[in-house]
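**Student:** fold the following and give me the result.
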Amino acid sequence: MNGTTSNDRARLHAIETGGGDDPPLVLLHGFDGRAEIFEPLAAVLAAEGRRCLAFDLPGHGRSRDYPGFGPPKVAARAVLGDLQRRGIDAAHVVGHSMGGAVACLMALFEPSRVRSLTLLAPGGFGPQIGVEPIRRMMEARTEEDQRAALQGMVARDFAAPADAVKSLGEREGREQIRQVFELLFSSGHQGVLPLGAIAEAGVPIELLWGEVDPVTPVSQSENLPAAFAATRLAGVGHMLTLEAPGDTLDAIRRAMARAASTGTEVPPAR
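**Tutor:** Alright, predicted model coming up:
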């Protein structure tokens, strides 16, 4: 019998690369993104001997029909459930923007299963949010529109690569994305995470933020609990994986090394 079953819809799509015995690396994109945004970083880390899983989050890409999509808490439990199905007891987690909020909730819900967090301009660190850049990307109809919207998310003097739009949200199946937008951003603000409780989860946390981010204000990286080790990048906007891939890789490696220093795993080969 052909067609999509409810069991199919309850599974997340992931791009898997690399291998090895160390805890894998889970990569979570932002709102209206998809797993491909992490392909260049995953290629580097996979070559270093790290298994990488880049997910399409519920309501996005090839996970657009995931039941109950929308709230970050649903996405967090969905990723944790998917890892369990794959037989993965624990993982390092990287999250960009909305994916950063999802990563934080994973550590809050099941801290023993999160070895480290690397948060890239995460959502949920304060009520302010740049709704208009998000809306422009969501409403982009063509690749040209997407390129223009992307330029509104990066530093003014950064020229996004010509092929960068291939890693952004698809133009088809936009109803789910609009529903998520209405849920998360229609008020002009965003929900705020219980940052104190996340800090107390005991997970090493590296926080990376661009100082000219037009979406998640860099001021939200200030006055945080000591567990959040923050690095701010001058002249960098919201799209850290595109604008500062080297700094992003360094932050991920620092987080994994901090986890290794606690004796939870052996550092990956360089």
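
**Student:** which parts of this structure are helices?
**Tutor:** Remark: helices assigned in the chain by DSSP state H are 6-9, 39-47, 72-85, 98-109, 131-139, 143-151, 174-185, 195-199, 240-243, 245-261.

**Student:** pull out the buried positions in the last one.
**Tutor:** Residues of helix 245-261 classed as buried: 247-249, 251-256, 258-260 (neighbour count, 16 or more other Cβ atoms under 10 Å). For every residue, glycine as well, the C-beta is placed using N, CA and C.

**Student:** dump these to CSV, plus distance to residue 237 and pLDDT.
**Tutor:** Shown next, in CSV, are the buried residues of helix 245-261 (distance: Cβ to Cβ, whole Å; pLDDT from 0 to 100):
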residue, distance to residue 237, pLDDT
247, 13, 98
248, 13, 98
249, 18, 98
251, 16, 98
252, 19, 98
253, 22, 98
254, 22, 98
255, 22, 98
256, 25, 97
258, 26, 96
259, 29, 96
260, 31, 92
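
**Student:** stretch 179-199: which residues count as buried?
**Tutor:** Across stretch 179-199, burial judged by 16+ other Cβ under 10 Å covers 180-181, 184-185, 190-191, 193, 195, 198-199.

**Student:** identify the residues contacting residue 239.
**Tutor:** 150, 153-154, 160 (Cβ atoms under 8 Å, 6 or more residues apart in numbering).

**Student:** what's the answer for residue 190, then?
**Tutor:** Counted by Cβ under 8 Å, 6+ apart, residue 190 has contacts 123-124, 126-129, 184.

**Student:** please repeat the previous calculation with a cut-off of 10 Å.
**Tutor:** 31, 72, 98, 101, 123-131, 134, 184, 216 (Cβ atoms under 10 Å, 6 or more residues apart in numbering).

**Student:** what's the answer for residue 182, then?
**Tutor:** Contacts of residue 182 (Cβ under 10 Å, 6+ apart): residue 70.

**Student:** how close does it sit to residue 176?
**Tutor:** Distance, residue 182 to residue 176, using Cβ to Cβ, to the nearest Å: 11 Å.

**Student:** same question for residue 196.
**Tutor:** 32 Å.

**Student:** and residue 162, by the same measure?
**Tutor:** In terms of Cβ to Cβ, residue 162 sits 28 Å off from residue 176.

**Student:** who has more neighbours out of those two?
**Tutor:** Taking other Cβ atoms under 10 Å, residue 162 and residue 176 do not tie; residue 176 has more neighbours (18 against 9).

**Student:** looks like the more buried one contacts residue 67 (just checking).
**Tutor:** No. Applying Cβ atoms under 10 Å as the test, residue 176 and residue 67 come out as separate, 11.6 Å apart.

**Student:** joint contacts of these two?
**Tutor:** Residues touching both residue 176 and residue 67 by Cβ under 10 Å, 6+ apart: residue 58.

**Student:** who's in contact with the residue nearest to residue 55 when sequence neighbours are not counted?
**Tutor:** Spatial nearest neighbour of residue 55, chain neighbours left out: residue 14 (4.8 Å); criterion: Cβ to Cβ, 6 or more residues apart in numbering. Residue 14 sits next to 26-27, 35, 52-56, 62-63, 79, 82-83, 86 when contact means Cβ under 10 Å, 6+ apart.
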